[in-house]
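*Asks:* Return atomic coordinates for the entry below.
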Amino acid sequence: MKTTLTALFAALTFTVTLSAWSAIHTASSSAPVPASDMAVNTEVQRTLLSDAELRDFGLRVATRKGDVQLMGEVASQQQMERAITLARSISGVQAIHNHLSVQTANVA
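*Replies:* Now for the predicted structure:
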């Protein structure tokens, strides 16, 4: 009886291990590997800083799991939309979280 239980336990352990390995192998080989957050962040910042309309605003970028946050102030709604469009064009960007605001004119 003890030998039968040991053999059954060993077979069950082997089956579970094989199933888990198969699931991990299948998931890792079929899913695309996302670009690293650091690379995405660097490329978004480089793109924004090289744009003539946006370079002077010092926009900030933070990236986590491909989700890019844009932060700072721009002079117009068109510049905000341009920053979002440029960031969205970067490979590896999964989503854009817009925390940009349009500067308000000071009334004297």
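*Asks:* Could you look up the SS state of Ser101?
*Replies:* When classified by DSSP: H, G, I helix; E, B strand; the rest coil, Ser101 comes out as strand.
*Asks:* Not counting its neighbours along the chain, what's nearest it?
*Replies:* Using Cβ to Cβ, 6 or more residues apart in numbering and skipping residues adjacent in sequence, the residue nearest Ser101 is Glu73, 5.3 Å away. C-beta: built from backbone N, CA, C; applies to glycine.
*Asks:* Output the contacting helices and strands for the helix or strand containing that neighbour.
*Replies:* Under the criterion of DSSP states H and E, Glu73 resides in strand 67-74. Applying 3 or more Cβ pairs under 8 Å, 6 or more residues apart in numbering; DSSP states H and E, one finds that strand 67-74 makes contact with helix 37-50, strand 60-64, helix 77-88, strand 95-102.
*Asks:* mind giving me the domain split of the protein?
*Replies:* Using automatic domain parsing, the domain ranges for the chain come out as 1-31, 37-102.
*Asks:* where among these is the average confidence lowest?
*Replies:* Per-stretch mean pLDDT for those is lowest at domain 1-31 (a mean of 52).
*Asks:* And stretch 55-67, what's buried?
*Replies:* Phe57, Leu59, Val61, Thr63 (16 or more other Cβ atoms under 10 Å).
*Asks:* Which single one of those is nearest to Val102?
*Replies:* If you rank the buried residues of stretch 55-67 by distance to Val102 using Cβ to Cβ, Phe57 comes first, at 10.9 Å.
*Asks:* Hmm, Met71 and the closest one touching each other?
*Replies:* No. Look at Phe57 against Met71 with Cβ atoms under 8 Å: they stay out of range, at 10.5 Å.
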